[in-house]
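1. Show me how the following folds:
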Amino acid sequence: MASPKITIWLWMIGLFPRRIIYYLVAKKLKPTHLSTHQITLVPVTWGPGGTLVSLDQSLPTPPTGISVPHMVIQKPGAPDFHVSESGAIMEYLEELFGNETEGELAELKGHTPEQRARTGDVISLVNDFIQCIGVHLVNSHPASLPWSGISREEWSTATADFAQKRIKRFLERLEDWVKDDIVTKGCKSLSGEGIEVSLGDIVLMAQVEYARDLYGTEVLKDCEVLAKWWERANKEKWCVKMEDLQKMEKEGFGVLL
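-> Just a heads-up that it's a prediction; the model follows:
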């Protein structure tokens, strides 16, 4: 059976596209892995009228009306299959490269059932508090005005404060889960011993770095345990910095892969 042709469109500095970029580097994928599986990565930007355009005109044009990241899987004789959520894209790639993790590629879910469960817990919790971060931003941060759909006069201080309290509770819960691994054992990953980086680390770091880069917001402010995790993880190659994301826009994904 012929391998499917896979295209993934990414706006480099966006929150959810960062997850995919971090994933690609953390997985230790090389251009040869991508070409073998017929995967094309397409950097995009926002054009007139809020439409997405490919930065490299030789690469496929983004489908109309998509958000990013976005993946299309094409199989001979079958309609195009679209995947729109970053988590689902990472899961698909994990399935695709699953038989290769015993070799040069990294295991990103965990080596044990307990690690995989912890990874799932972290991802679920981060996805929950991202919603609260969005609510806080659109009710308090001027940078949200161009895209939030509400005016400064419509901001609700009470709503912003409530969202901030929810964020604090979520982070306290996460710190309670990982304190022994991060503080006592000195683990690099939120998922525990014996794994360098997991999908859980990727989704949290993407949120932390995106909030800092685009809004000047410190998500982990006052988080002693997670600050220790960040200090270690932020030095790793998979945590791609803003300047490198921008460089990839101009020079392609070969900059880091």
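
2. quick one, longest helix in this protein?
-> For the chain, the longest helix by residue count, based on DSSP state H, is helix 113-138.

3. So which residues of this protein form strands?
-> Ranges of strands in the chain, per DSSP state E, are 5-10, 39-46, 52-54, 70-74, 81-83.

4. got the buried residues for the fourth one?
-> Of the residues in strand 70-74, those scored as buried under the neighbour-count criterion (16 or more other C-beta atoms under 10 Å) are 70, 71, 72, 73. Yep, even glycine has a C-beta here, placed from its N, CA and C like the rest.

5. Specify which member of those is nearest to residue 253.
-> residue 71 (14.8 Å; C-beta to C-beta).

6. So that closest one sits against residue 91, correct?
-> No - Residue 71 lies out of contact with residue 91 (C-beta atoms under 8 Å); the separation is 11.0 Å.

7. What residues does the closest residue to residue 239 other than its chain neighbours make contact with?
-> Residue nearest to residue 239 in three dimensions, not counting chain neighbours: residue 205, with 5.6 Å by C-beta to C-beta, 6 or more residues apart in numbering. Contacts of residue 205 were listed using C-beta atoms under 8 Å, 6 or more residues apart in numbering, and they are 22, 230, 233, 234, 239.

8. Count the residues that sit near the fourth one.
-> Taking other C-beta atoms under 10 Å as the neighbour definition, residue 234 ends up with a count of 12.

9. Begin at 47, not 1, for the rest of this chat.
-> Renumbered: residue one is now 47, and that last one reads residue 280.

10. Backbone dihedrals for it, both of them.
-> Reported as degrees, to the nearest 10, the phi and psi values for residue 280 are phi -70, psi -20.

11. How confident was the prediction at it?
-> We have a pLDDT of 97 for residue 280.

12. Would you check how far apart the residue lying closest to it once chain neighbours are set aside and residue 277 are?
-> Nearest residue to residue 280, sequence neighbours excluded (C-beta to C-beta, 6+ apart): residue 251, at 7.4 Å. Going from residue 251 to residue 277 by C-beta to C-beta, to the nearest Å gives 12 Å.
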